[in-house]
Every structure is written in structure tokens, then in C-alpha cells.
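Participant: Mind looking at a prediction? Sequence and model below.
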Amino acid sequence: MYPPVFALAAASPGVTALLGSNPVRLYLFGEAPQGVTKPYAVWQMVGGVPENYLGNVPDTDSFTAQIDVYADRASTARQVSQALRDAYEPAAYITNWNGESRDPDTNNYRISFDVDFIVLR
């Protein structure tokens, strides 16, 4: 019932080169450990709908996942975002670049984007 956000990232050598492989530092929202090594990324569902039909139950679901990348440097955040983009685009669509920012309290650089998945049931 959920898109393969983690599975696609974990299978990508470009992503694991930047986010590690044991563990891959891509966490469900609110699950990143305190003091996690940077760079890292988090994801959350921000939308979705079943593919409804009049005479049958849905056979696919569409999901929008928001990906947020955090790093000590802007260039690193951009590298991770590009690696994640490359991991997702063969199976999904990048539908929005939500922008870049810097947290005033932690000084972390952040890049956010949305990915739309169509998942067979």
C-alpha cells in the first residue's frame, strides 16, 4: 500500500555512496535518530488516490511522497538530491522541486522535492 521509496533508494549505488548502506540514511518522517550522520534524507506521504473504477475495485494506487535531504553543505545536499532523483525516475515521476533552505537553528541545508508513484496492488 505504500510506494517503494526506500527500496529504490537502497538499490541505487549512487544513493548508497552518499547515504550509506548499513544503514541507508533514508528515514520515514520523524524516525531519523538524534545526531544522525549527515547527509541523510527523510520521506513522508503527502498525497495519494486509488485508481477507482465504476465496475471494479482499484488495481493501482497513486502516491505522492515528499523527500527532504539534509546536509552540512549545500553542494552535498544537491548531490544527494540528484542521486535520489536518478534512483526514482525510472519508476516514478519527480513532480515538484519544493526549494532549498537552511535551518537557522541547526545550520543544516535542506532540499525538498515530491515524487509521484503509481503502485500496482
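Facilitator: The structure has been received and is ready for your questions. Numbering: from 1, shown residues only.
Participant: any weak-confidence spans in this structure?
Facilitator: For the chain, not a single residue meets the criterion pLDDT under 70.
Participant: Tell me, how many residues neighbour the residue nearest to Asn98 when sequence neighbours are not counted?
Facilitator: Of all residues not flanking Asn98 in the chain, Ser112 sits nearest, at 3.7 Å (Cβ to Cβ, 6 or more residues apart in numbering). In short, each C-beta sits where N, CA and C put it, glycine included. Close neighbours of Ser112, defined as other Cβ atoms under 10 Å, add up to 18.
Participant: and Ser112, that's in a strand?
Facilitator: Yes - looking at Ser112 with DSSP: H, G, I helix; E, B strand; the rest coil, it is inside a strand.
Participant: That one pairs with what?
Facilitator: Asp68, Gly99 (DSSP bridges).
Participant: pretty sure it contacts Val80?
Facilitator: No - between Ser112 and Val80 no contact is recorded; they are 11.9 Å apart, counting by Cβ atoms under 8 Å.
Participant: where do the contact lists of those two overlap?
Facilitator: The contact sets of Ser112 and Val80 overlap at Val69 (Cβ atoms under 8 Å, 6 or more residues apart in numbering).
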